[in-house]
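A.B. asks: curious how this folds, go ahead:
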Amino acid sequence: MIFFDVVIMNDVNTMNVSAREEKNSSFSYTVKTLKTINQAVEDITASLKEVGFGVLGTLNFKEILQKKGLDFKDEYRLLEVCNPSAAKQALESNPEIGLLLPCTIAIYQKNNENYISLAKPTALLANIPDNKLDKFGQEMEQKLVSAIREAK
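C.D. replies: Numbering: from 1, shown residues only. Below you'll find the model as predicted:
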């Protein structure tokens with residue numbers, strides 16, 4: 001899906017329209033970034049902190065696979081992210097939610113381009129038959145998408 005930013009410059013009705021690629025599927029939210037993988041990881045970590053999330057750990061799949069003797073040419077980092085108070089609330093509501101935690105954000109290369117991708121909490125929570133969690137998932141997803149847009 002392509003979204004457009006429209007900026008009106010000064011008093012002139014000149015519009016600068018720039019497209020930024022955002023892919024929004026039922027399962028994931030993905031944006032392209034011009035940043036290096038390391039810079040994107042650093043920036044997303046900082047923007048997550050601003051919305052109450054922390055990075056519990058980072059898996060470097062290129063490094064992991066190479067240690068196992070497998071050639072994997074592209075960078076791929078998987079960040080395990082958590083909002084402690086939200087996790088506590090969710091686990092108290094339904095202990096099986098722990099199977100979906102922590103939230104994950106991937107930062108990876110594909111075809112020489114870099115991306116930031118989120119497994120959408122709303123999609124994951126749709127697997128649990130508990131309508132009380134709908135609003136909770138939407139709130140967490142909104143914060144995570146906001147952090148990704150900020151770090152992009």
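
A.B. asks: low-scoring stretches of this protein, by residue?
C.D. replies: Applying pLDDT under 70 to the chain flags the ranges 1-23.

A.B. asks: can you give me the buried ones in the longest helix seen in the chain?
C.D. replies: Ranked by number of residues, the top helix in the chain under DSSP state H is helix 133-151. Judged by neighbour count using 16 or more other CB atoms under 10 Å, the buried positions of helix 133-151 are L133, F136, G137, M140, E141, K143, L144, V145, A147, I148, A151. (C-beta placed from N, C-alpha, C; glycine too.)

A.B. asks: could you do stretch 109-127 as well?
C.D. replies: For stretch 109-127, the neighbour count (16+ other CB under 10 Å) marks 109, 114-125 as buried.

A.B. asks: equivalent analysis for stretch 76-85, please.
C.D. replies: Y76, R77, L78, L79, V81, C82, N83.

A.B. asks: which residues are contacting it?
C.D. replies: Applying CB atoms under 8 Å, 6 or more residues apart in numbering, the contact partners of stretch 76-85 are 37, 41, 44-45, 48, 51-62, 101-109, 140, 143-144.
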